[in-house]
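**Student:** give me a model of this one.
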Amino acid sequence: MSNTKKLMQCAVILAGGRGTRFWPRSRKRTPKQLLDIISAKSMLRETADRLAPLFPANRLWVVTNDEQAAGVRRELPRVPRTHILAEPMGRNTAAAIGLAAIHLAQEHGDALMAVLPADHYIGDAPRYRQIVRAAMSLASKPGNLVVLGIPPTRPDTGFGYIERGSAIRHKGVSAHTVKRFTEKPNLALARKYAASGRYFWNAGMFFWRVSTFFECLRKFLPHTWRALGELQQSIGTPEYPKALATVYARLDSISVDYAVMEPASRGNGRERVFMLPAKVGWSDIGSWAAVYELLAPRKGENVSEGHSFTLNASGNFLWSREKFIAAIGIQDLIIVETHDALLLCPRDRAQDVGKVVKWLEENRRDDLV
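**Tutor:** Coordinates of the predicted model:
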C-alpha cells in the first residue's frame, strides 16, 4: 500500500503472561494483567483505557492464551471477539506478534502496529500518547522499526538496554537511531549504562507496519515466516482451530528482541531502527516491591489494602480483603493474604516469589497455581 495516510492504525496488546511474582493473587486464570494491582481497574483495562484516545476498541487486538481468554473478554467487552487471539501454547513474543500480524493482514492488507505490554504502569498518559503518535508516524515509512526507550533511574540488571545513536526530531518529539541492543547486563555494566546517558531501558513497546514486520520475519526468521503464511490461509475457515494448534507448535520460540530488533539494528539492509525516549513515569510493576514503591506516599510508610492496624511498623506492604491485619514492630515486609494462601517475605526478596510458584508446580499443587 503506497499511501501511508490510509493505513489502519491498530494496537496489539500482549496479555499472555503468568505474573508468577504476584502470587498468591496471580494464578493461571487470573494473572497479573487481569488483577487490580494499582487501581480499582485491572492492569489490562488500565492499558486499554490509556490507549482509547488513539485506538478505539475496534482497533485493539489482544494476544493471550486459552486459559485467560475468557477473562480478557470480560475485561474488554467492547473489543471484537475475533480480535482476542488465544495462543494454544506459549512460543515467546515473536510468535505472538506474528499471530496478530497475520490477522491484521487478513483484515486490512497492511496496517500500522503498536505492540504493547498489557501490565505496565504509565504515570504521564498524555505525554505517553504524544510519544506513541510520533512513533506511529515514524513507523509508517516502509522498513522503519521503532521502539520506546525508558530513561534509566537506577542500574537495573533485570532490563534489556538500548544504546542511542544519532539524534533526529520527528513530530515534535526527540528520536534517535539505535546503535545496539544489550540484554540484561551485569551490575557493573548496568552502572556504566545508567551513568552514561546513552542507554535506555527496553520496555517492549514496538511500532512498525505489518508489511515491514513480515519482511523482517522472512529475512531473520524464515521458518516462522513460512509457517505463519500457512496459518493465515486458514483464518476465517472451519480449519483454523486445528491449523493453529498444528502450526503454532512449529514456530520458533524466541523473543522479538532477539529475532528481529537486534539483527535489524546490526544489518545493512533496508531496515532502519529508531528509539524514542519516553520519560512518562513508566514501571513494569515487576513485583510486590514495585507496587509498594508506586503506592507509598513517602519512603518508610506502610501501604495497606484492606483494614489494618500498625504499631512501630514501617515500610510494609499489607494486602488482605478478607482479614484484618495487625502489624507490630515489623519493617519492610510484604504480606499478601488470599482465601487459600499467605505470602510473607522481606520487600527486598520480592523477586523470589516466582520460586514459590515453581515449587508448587514441581510438587503438583495445581490448586495453588
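
**Student:** quick one: Arg74 is in a helix?
**Tutor:** Yes - if the criterion is DSSP: H, G, I helix; E, B strand; the rest coil, then Arg74 is within a helix.

**Student:** so how far is Gly286 from it?
**Tutor:** Going from Arg74 to Gly286 by C-beta to C-beta, to the nearest Å gives 25 Å. All C-beta atoms are positioned from the backbone trio N, CA, C, and that covers glycine.

**Student:** higher neighbour count, those two?
**Tutor:** Neighbour count, other C-beta atoms under 10 Å: between Arg74 and Gly286, Gly286 has more, with 19 against 10.

**Student:** and the more buried one, which of the three is it?
**Tutor:** When classified by three-state DSSP, Gly286 comes out as coil.

**Student:** and the nearest residue to it once chain neighbours are set aside, what does it touch?
**Tutor:** Nearest non-adjacent residue to Gly286, counting by C-beta to C-beta, 6 or more residues apart in numbering: Arg21, 6.5 Å away. Applying C-beta atoms under 8 Å, 6 or more residues apart in numbering, we find Arg21 in contact with 286-288, 350-351, 353-354.

**Student:** against His83, how distant is Arg21?
**Tutor:** Using C-beta to C-beta, one gets 28 Å for the distance from Arg21 to His83.

**Student:** how about Phe181?
**Tutor:** 30 Å.

**Student:** same check, this time on Phe207
**Tutor:** 18 Å.

**Student:** three-state assignment of the residue nearest to Gly286?
**Tutor:** helix.

**Student:** how near is it to Leu344?
**Tutor:** 15 Å.

**Student:** could you give the bridge partners of the spatially most central residue of the chain?
**Tutor:** By C-alpha atoms, centre = their mean, the chain has its centre lying nearest to Pro117, at 2.3 Å. Counting by DSSP bridges, Pro117 forms beta bridges with Leu14.

**Student:** could you do Arg272 as well?
**Tutor:** Taking DSSP bridges as the rule, Arg272 bridges to Asn144.

**Student:** my guess is it meets Asn144, correct?
**Tutor:** Yes - between Arg272 and Asn144 there is a contact under C-beta atoms under 8 Å: 5.2 Å.

**Student:** ok, longest helix in the chain?
**Tutor:** The longest helix of the chain (DSSP state H) is helix 92-108.

**Student:** show me where the stretch 251-369 of the chain has strands.
**Tutor:** Along the stretch 251-369 of the chain, counting by DSSP state E, counting those that start in this stretch, strands occupy 272-277, 282-283, 303-305, 308-311, 317-319, 325-328, 333-337, 342-346.

**Student:** re earlier: measure the residue nearest to Gly286 to Ala296 for me?
**Tutor:** In terms of C-beta to C-beta, Arg21 sits 18 Å off from Ala296.

**Student:** now stretch 116-133: buried residues?
**Tutor:** Buried residues in stretch 116-133, counted by 16 or more other C-beta atoms under 10 Å: 116-122, 128-133.

**Student:** hang on, I meant stretch 158-171
**Tutor:** Buried residues in stretch 158-171 (16+ other C-beta under 10 Å): 159-165.
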